[in-house]
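Visitor: predicted coordinates and the sequence they were generated for:
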Amino acid sequence: MIGGCRRYGAAALAAPIPVFVFLHDCRLYGLQLSRWNRNMMMSSIRFSIAGAAFSVLLLTGAAGAAPGTEADIAVQKMALAAAPMSAAALEQLYGGRTWRWNDGGGYFSTKKHRFTAVTRKGTARSFATGRWFATDGGKLCMKAYWSNAGGGSGAITCFLHREQDGVVYQKPNLGGQWYVFRHNPVQKDDEARKLLRGDRIRQGR
């Protein structure tokens, strides 16, 4: 019987339905694999939702791509030479505004630091509710529960900010590269221009 379990083990692990259907002669072993398979499937769903939520926030190629040109390398050096933004400065920058993304947006409420967001991909939508907070180390974080038709999962997404002479640099907390979030003076293509006053999520704009 153990040999049969081993023989069917690889196929069972890849099966989209409980593996005890295949391992009917190895009930205990099959039940354990079934639980493992279900846990892996749920982990995959949670990872997909959280991953999708996080990828939405990687808004520009500059934020996620490795520096290639001399200009990119110069930005990295200038960002590292800049000072981390304070929590007060970050709250002034984001508070009461909606950060519009390519396929959705997130609202940073000043009331109890509530955070709400929505993303769209075709006819599918994902929604998020939670809190946002800022630190004196230049970190802005969104801790929210994301949900869609397939389920839901909690996710924490953070960005780092540095500022010098009115120029704000931003990067994902995990990986990615620094890029200019806001020039001084502000340029038309700056990501900071997508911080719009008011709750555009509730208003559907």
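Guide: Looks like it arrived, so ask away.

Visitor: hang on, Leu93 in a helix?
Guide: Yes - with DSSP: H, G, I helix; E, B strand; the rest coil as the criterion, Leu93 is assigned to a helix.

Visitor: check contacts around it.
Guide: Contacts of Leu93 were listed using CB atoms under 8 Å, 6 or more residues apart in numbering, and they are Met85, His161, Val168, Ala192, Leu195. Heads up, the C-betas are built off the backbone N, CA and C, glycines and all.

Visitor: mind listing which of the residues you listed are in helices?
Guide: Among those, DSSP state H puts none in helices.

Visitor: from those residues, which land in strands?
Guide: Among these, DSSP state E puts His161, Val168, Leu195 in strands.

Visitor: in JSON lines: these, plus neighbour count, distance to Arg131 and pLDDT.
Guide: Formatted as JSON lines, the ones in strands among the contacts of Leu93 follow (neighbours: other CB atoms under 10 Å; distance: CB to CB, whole Å; pLDDT from 0 to 100):
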{"residue": "His161", "neighbour count": "26", "distance to Arg131": "18", "pLDDT": "99"}
{"residue": "Val168", "neighbour count": "24", "distance to Arg131": "23", "pLDDT": "99"}
{"residue": "Leu195", "neighbour count": "19", "distance to Arg131": "18", "pLDDT": "98"}
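
Visitor: check which helix or strand covers Leu80.
Guide: Using DSSP states H and E, Leu80 falls within helix 70-81.

Visitor: so which of the ones in strands among the contacts of Leu93 comes closest to Ser109?
Guide: Closest approach between those and Ser109, by CB to CB: Leu195, at 13.6 Å.

Visitor: gap between that closest one and Gly122?
Guide: Relative to Gly122, Leu195 is positioned 26 Å away (criterion: CB to CB, to the nearest Å).

Visitor: quick check, pLDDT for Trp36.
Guide: pLDDT, Trp36: 44.

Visitor: then the one 5 residues further on?
Guide: As summarised for this prediction, Met41 has a pLDDT of 41.

Visitor: likewise for Glu163?
Guide: Confidence score, pLDDT, at Glu163: 99.

Visitor: surely it is in a helix?
Guide: No - assessed with three-state DSSP, Glu163 is strand; it does not lie in a helix.

Visitor: number of nearby residues for the closest residue to it other than its chain neighbours?
Guide: Distance criterion CB to CB, 6 or more residues apart in numbering; nearest residue to Glu163, sequence neighbours excluded, is Met85 at 5.0 Å. Other residues near Met85 come to 25 when the count uses other CB atoms under 10 Å.
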